[in-house]
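> Quick one, what's the 3D model for this:
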Amino acid sequence: MAKVSVEQRIQAVQRYLNGDESMSGIAKDIGVTDRVVSDWIRRYQKNGVEAFLKSY
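Numbers count the residues shown, from 1 in each chain. The predicted structure follows:
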């Protein structure tokens, strides 16, 4: 699976939420599984952009 940056994750979620692209199409485009994109969407809806920022 490809390493996906925080920016790419946010863009993928926004692409899906805009309603123009399917989850599987986005996943295939960035080299991850549908399940990964689904998880990102769920985390984003719960915590917003903060969901993708690492805490140290």
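> Please export the C-alpha coordinates of stretch 33-45 as PDB.
Extracted C-alpha coordinates of stretch 33-45, given in PDB (Å, rounded to 0.1, in the frame of the first residue of the first chain):
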ATOM      1  CA  THR A  33      -8.200   0.000  -0.400                       C
ATOM      2  CA  ASP A  34     -11.900   1.100  -0.100                       C
ATOM      3  CA  ARG A  35     -11.700   0.200   3.600                       C
ATOM      4  CA  VAL A  36      -8.900   2.700   4.200                       C
ATOM      5  CA  VAL A  37     -10.800   5.500   2.500                       C
ATOM      6  CA  SER A  38     -13.900   4.600   4.500                       C
ATOM      7  CA  ASP A  39     -11.900   4.800   7.700                       C
ATOM      8  CA  TRP A  40     -10.500   8.200   6.700                       C
ATOM      9  CA  ILE A  41     -14.000   9.500   6.000                       C
ATOM     10  CA  ARG A  42     -15.400   8.200   9.300                       C
ATOM     11  CA  ARG A  43     -12.500   9.800  11.200                       C
ATOM     12  CA  TYR A  44     -12.800  13.100   9.300                       C
ATOM     13  CA  GLN A  45     -16.600  13.300  10.000                       C
END
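> which of the residues in it are buried?
Of the residues in stretch 33-45, those scored as buried under the neighbour-count criterion (16 or more other C-beta atoms under 10 Å) are 36, 37, 40, 41, 44. In short, each C-beta sits where N, CA and C put it, glycine included.
> from those residues, which is closest to residue 27?
Compare each of these with residue 27 using C-beta to C-beta and the shortest gap goes to residue 37, at 4.6 Å.
> Spell out the secondary structure type for the closest one.
For residue 37, the secondary structure call by DSSP: H, G, I helix; E, B strand; the rest coil comes out as helix.
> give the contact list for residue 23.
Taking C-beta atoms under 8 Å, 6 or more residues apart in numbering as the contact definition, residue 23 lies against 16, 34, 37, 38, 41.
> wouldn't the first one be in contact with residue 26 here?
If I follow you right, that is residue 16. Yes - A contact is recorded between residue 16 and residue 26 when judged using C-beta atoms under 8 Å, the distance being 5.7 Å.
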